[in-house]
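Visitor: Okay, here's the prediction I keep looking at, along with the sequence it came from:
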Amino acid sequence: MTLAPKPQSVAKVPSYCYNCVAGPDFMTVKVVDGVATEIEPNFAAEDVHPARGRVCVKAYGLVQKTYNPHRVLQPMKRTNPKKGRDEDPGFVPVSWDEALDLVAAKLTATRAKGLTDEAGLPRLAASFGHGGTPGMYMGTLPAFLAAWGPIDYSFGSGQGVKCTHSEHLYGEFWHRAFTVAADTPLADYVISIGSNVEASGGPCAVTRHAGARVRGYKRVQVEPHLSVTGACSAEWVPIRPKTDPAFMFALIHVLVCEQGLDKLDVPFLRDRTSSPYLVGPDGLYLRDAA
C-alpha cells in the first residue's frame with residue numbers, strides 16, 4: 001500500500017465570497033501546499049456580520065470553479081455573427097495580441113466618429129459589473145477609461161467578477177437600479193413576485209427575513225410554484241405563469257384609481273422610485289430639455 005505524501009504546508013486564509021450580489025459572506029479557505037482544497041465559515045466577525053459568519057452553500061463550489069479544466073484561460077473571439085437561441089456563437093481562443101488589436105481597432109473607429117453622438121450621448125459604453133467590482137481586478141483599465149473621455153456606464157450586468165445575471169441587466173433597463181431587494185429590516189409588508197430569495201439570497205437574506213418575521217413583518221409570495229420562499233412566507237399566491245405584469249398593473253390601478261393619490265406617499269413615489277417616469281415618442285424616458 002502506498003501512502004499519500006504528507007502535506008508540506010497547510011494554511012487557513014480568511015477571505016469573503018463575492019460570487020454574487022448576496023455577499024460578501026465571510027469565509028475561510030483551506031490551502032494545502034498552495035492549492036485551495038475546501039471552504040469553511042469564518043466566525044471572527046460573527047457579532048457584526050448579518051449572517052453571523054456563515055457562508056452561503058454556493059461558496060463551497062468555488063474550489064471547483066477555480067480549478068475547472070474547462071475554465072476560460074485566454075481571450076475568446078466570436079466567429080458566428082448570427083445570434084439566437086439555436087445559434088452556436090463559434091467562440092475560438094485567440095492570442096492577447098489579436099484580442100487587443102481587435103479592441104483597439106474598434107476604439108479607434110469610434111473615436112474617429114466623435115466621442116459623442118448626435119444626441120450628445122457617449123458612443124462608447126462599458127460594463128464591468130458596477131457596484132461590487134473591486135478595482136484590483138481591473139489593473140490599469142480604470143486609468144485608461146478615465147483618459148478616454150465620456151463613457152456610458154449605465155449598462156449593468158452583474159455584481160462582482162462572476163455574476164452577470166439578468167436581474168441586474170433588466171434592473172438597469174427598467175428602473176436604473178442595480179438590484180431589486182426588499183427593505184426587509186424596516187418594511188412591514190412586502191409583495192414578492194417570483195423572487196426566490198430564500199434560495200438565492202444567501203445566509204444574510206435568510207437571517208434578515210427570520211428576524212423580520214419575529215417582529216411581525218409579513219411577506220406575500222406571488223409565483224406559480226411553491227418555492228422555499230413561498231413556504232417561508234406569510235401567504236403564497238399561486239399565480240398563473242406569465243400573468244405577473246397583469247397582476248402588477250392591476251395593483252397599480254387599485255392604488256392609483258380606486259384608493260386615490262391622497263392615500264399614497266406621493267413625495268416618496270416621485271423622488272425615490274421610477275413611478276413618475278414618462279416614455280416619449282422615441283421609446284426612451286421623456287426628459288426636460290433643460
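Guide: It's in. Everything numeric in this text was worked out from a predicted model, so none of it was measured. Numbering: from 1, shown residues only.

Visitor: where does the stretch 101-250 of the chain have low pLDDT?
Guide: Counting by pLDDT under 70, the stretch 101-250 of the chain contains low-confidence ranges at 128-137, 154-180.

Visitor: any chance you could map the helices in it?
Guide: Using DSSP state H, counting those that start in this stretch, the helices of the stretch 101-250 of the chain run over residues 141-148, 166-175, 197-200, 202-214, 228-231, 244-253.

Visitor: For residue 93, find the nearest of those helices.
Guide: With respect to residue 93, and counting by C-beta to C-beta, the nearest of the helices of the stretch 101-250 of the chain is helix 141-148 at 21.2 Å. Just so you know, the C-beta spots here come from the backbone N, C-alpha and C atoms, and that holds for glycine as well.

Visitor: what does the closest one contact?
Guide: Applying C-beta atoms under 8 Å, 6 or more residues apart in numbering, the external contacts of helix 141-148 come out as 107, 115, 124, 126, 135, 151.

Visitor: Repeat that for stretch 47-54.
Guide: So stretch 47-54 is contacted by 25-26, 41-46, 202-204, 206-208 (C-beta under 8 Å, 6+ apart).

Visitor: what about that stretch, start to end distance?
Guide: 12 Å (C-alpha to C-alpha, to the nearest Å).

Visitor: returning to what we had before: out of the contacts of stretch 47-54, which end up buried?
Guide: 25-26, 41-42, 202-204, 206-208 (16 or more other C-beta atoms under 10 Å).

Visitor: And those residues, which two are furthest apart?
Guide: So, these by C-beta to C-beta: farthest apart are 42 and 208, at 19.1 Å.

Visitor: number of nearby residues for residue 51?
Guide: 20 (other C-beta atoms under 10 Å).

Visitor: From residue 116, how far out is it?
Guide: 45 Å (C-beta to C-beta, to the nearest Å).

Visitor: ditto for residue 202
Guide: 40 Å.

Visitor: residue ranges for the strands of this protein, please.
Guide: 10-17, 25-32, 35-41, 76-77, 92-93, 189-193, 218-222, 235-237 (DSSP state E).
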